[in-house]
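Asks: Fold the stuff below for me.
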Amino acid sequence: MCDTMVAVGSVTKSGNVIFAKNSDREPNEPQVLLRIPRRKYDLSVCPKLKTTYMELDQVEETNEIVISKPSWMWGCEMGFNEYSVMIGNEAVFTKENYAKSGLTGMDMIRLALERTKTAKEAVDYIIYLLGRFGQGGNCGYTKKMQYHNSFIVADKANAFVLETAGRYWVMKKVKDFYSISNGLTIENDFDACHPDLIQDCIK
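Replies: The predicted model follows:
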């Protein structure tokens with residue numbers, strides 16, 4: 001199993017946020033740890049960014065990040081940026097269809113780390129990416145594997161759980177501590193959701 005957990009300052013002895021994640025990727029898949037400095041881009045020269053499967057518009061400046069990623073993917077399983085935004089994701093398997101193309105959950109993590117400064121901004125940005133580009137593509141190293149994603153997103157002050165199924169999502173603010181693995185955990189106690197989620201569930 002793959003797991004991500006967070007404990008916020010209200011329940012830690014130091015008063016600091018504690019964030020942790022482990023990985024259950026394939027045994028022979030290389031995982032690399034990278035520090036990528038803050039970068040500025042000339043958009044007239046480099047207007048596009050190539051993620052694992054998709055091209056997106058590049059931004060003028062990206063944050064410094066430290067990430068752990070499968071060597072063959074653009075995105076990452078976990079990481080943090082210079083503003084102490086931390087994100088980890090889990091594969092979840094749902095009844096919604098799996099798209100052949102789109103952003104991987106790992107792509108969304110790296111994009112959010114490079115482009116946001118708070119945990120709430122990162123959550124909102126992942127929701128935007130999900131709605132704009134969708135999630136999809138093969139995420140297996142030696143075999144085909146498709147899944148949807150759940151995330152824990154945290155900074156020094158706040159933490160959030162974001163769980164997705166296809167284009168749908170629910171978000172919950174962490175009050176004390178929370179952990180996620182390879183299954184959906186949020187039931188009807190979410191703080192926000194996709195505007196069409198309830199109607200889709202009824203159908």
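
Asks: Please make it C-alpha for all contacts and neighbour counts, starting now.
Replies: OK.

Asks: Now do the lowest-mean-pLDDT helix or strand in the chain: everything it contacts.
Replies: Lowest on mean pLDDT, DSSP states H and E among the helices and strands of the chain sits helix 197-202, with a mean of 90. Residues outside helix 197-202 that contact it (CA atoms under 8 Å, 6 or more residues apart in numbering) are 168, 169.

Asks: Restricting to C-alpha, output that helix in PDB.
Replies: What follows is helix 197-202, C-alpha atoms only, in PDB (Å, rounded to 0.1, in the frame of the first residue of the first chain):
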ATOM      1  CA  LEU A 197     -20.900  15.800  -7.900                       C
ATOM      2  CA  ILE A 198     -24.200  15.300  -5.900                       C
ATOM      3  CA  GLN A 199     -26.300  15.000  -9.100                       C
ATOM      4  CA  ASP A 200     -23.900  12.500 -10.600                       C
ATOM      5  CA  CYS A 201     -24.000  10.400  -7.400                       C
ATOM      6  CA  ILE A 202     -27.900  10.400  -7.500                       C
END
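
Asks: What residues sit buried inside it?
Replies: In terms of neighbour count (16 or more other CA atoms under 10 Å), helix 197-202 has no buried residues at all.

Asks: Low-confidence ranges, the protein, go.
Replies: Scanning the chain for pLDDT under 70 picks out nothing.

Asks: Could I get the full set of helices for it?
Replies: Per DSSP state H, the chain carries helices over the ranges 105-115, 119-133, 197-202.

Asks: The longest one packs against which elements?
Replies: In this structure, helix 119-133 packs against helix 105-115, strand 148-154, strand 159-165, with contacts taken as 3 or more CA pairs under 8 Å, 6 or more residues apart in numbering; DSSP states H and E.
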